[in-house]
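**Q** here's my sequence, what's the structure:
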Amino acid sequence: MDESIPIPGEIPAEIPKPELEESKNKMNVWLKSLGSLALFLVVGYVFFKSNWTWVMVLTAVVVFHEMGHFFAMKIYKYQELGIFFIPLMGAYVSGKKQEVSQKQSAVILLAGPLPGIILGLLSHFIWEQTDIYFFEKLSWILVFLNILNLLPVYPLDGGQLLHRLFLDDYNILGKIFVIISAGLMIWVAISSAFYPILFFPFMMLTRMFGDLQHERIEKKIEAEGIDLMKTYEELTPEEYWRVRNAVIKYYPQFKDVRPAPPYEISSKEEQIITTIQGLLQKSLTQDLSIGGKILILVIWVSSFAAPFFLDISSISSFF
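**A** Predicted structure coming up:
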């Protein structure tokens, strides 16, 4: 039986490459963001026994942290940006970019925790000047949560930073790092009996196995002579329909979609386009010298000194 991917051949001029509606896509992203924020607030309200003050303070700390990532990604022209909240866990910023830079990634990852730590130290200074205890407690929340985020465990910012600086070129080492990080989080969740943490290792391992599936399918598609080293915008209509046929062939969720020809838009076309965008190769620009990596490491390590500038005697009341 012929296992090759059907070749659409010459595409009629009236059959363009389908595009996602940008405005609709942005609307969907922000609706999901607002929905996740609402769930975050409701769960926080229940967890903190109806104490809206600290629910709002913690939410503001999380939002401030994520806005640092968001604006850095905005500056570096990431697309489809959105902030998604995970109840009791925090949040993350999602965005897409075809060419990923080490230097830009380092700035983006540090743009979340560093401003939070600086704001925490400023809050401590305000407490010293005004003796308003709220600012001292706020300073500990800001410093503690942001330093926690800098720990060298994936998918925290610190773990992602080390992964991007040193492990992106070494696929096997990167996967080992993810597995070890997942194991540590499982141990923390079980030993602390705070089981919501298990969400992170579950998502990490799910994503890793998903990436492995993507890699296998990419190799099969490239073996058919299809070039995936380009952006979606660079795909010609003929290339789109050929990659689309490959997606239909290799992904079970699209088995009910007819391959081209005929050139029919499926009810699952948006999902197909998103899958194709995920398959197209993303290149990492190695634009950090050894000196640059050392500078980032010094900044990262120095951040852990922030608690020593706070009033250690007040930490008991923080907990």
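
**Q** contacting residues for Gln79?
**A** Counting by Cβ atoms under 8 Å, 6 or more residues apart in numbering, Gln79 touches Gly95, Lys96, Lys97. The C-beta positions use only the backbone N, C-alpha and C, and glycine is treated the same way.

**Q** hmm, Met203 and Ser181 touching each other?
**A** No: between Ser181 and Met203 there is no contact, the gap being 11.6 Å when judged by Cβ atoms under 8 Å.

**Q** okay, now the unreliable bits of the stretch 151-300 of the chain?
**A** Along the stretch 151-300 of the chain, segments meeting pLDDT under 70 span 168-171, 281-283.

**Q** helices of that one, start to end?
**A** Here the stretch 151-300 of the chain has its helices, by DSSP state H, counting those that start in this stretch, at 157-162, 171-192, 199-223, 237-250, 269-279, 290-303.

**Q** against which helices or strands is the second one packed?
**A** So that's helix 171-192. helix 157-162, helix 199-223 (3 or more Cβ pairs under 8 Å, 6 or more residues apart in numbering; DSSP states H and E).

**Q** now it: buried residues?
**A** By 16 or more other Cβ atoms under 10 Å, the buried positions in helix 171-192 come out as Gly174, Phe177, Val178, Ser181, Ala182, Met185, Ile186, Ala189.

**Q** got the contact list for the last one?
**A** With Cβ under 8 Å, 6+ apart as the criterion, the residues that contact Ala189 are Tyr195, Pro196, Ile197, Leu198, Pro201.

**Q** now those in TSV, with neighbour count and distance to Ala60?
**A** Shown next, in TSV, are the contacts of Ala189 (neighbours: other Cβ atoms under 10 Å; distance: Cβ to Cβ, whole Å):
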residue	neighbour count	distance to Ala60
Tyr195	9	26
Pro196	13	21
Ile197	17	22
Leu198	15	26
Pro201	22	28
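
**Q** from those residues, pick the one nearest Leu88.
**A** Using Cβ to Cβ, Pro196 comes nearest to Leu88 of the contacts of Ala189, at 5.0 Å.
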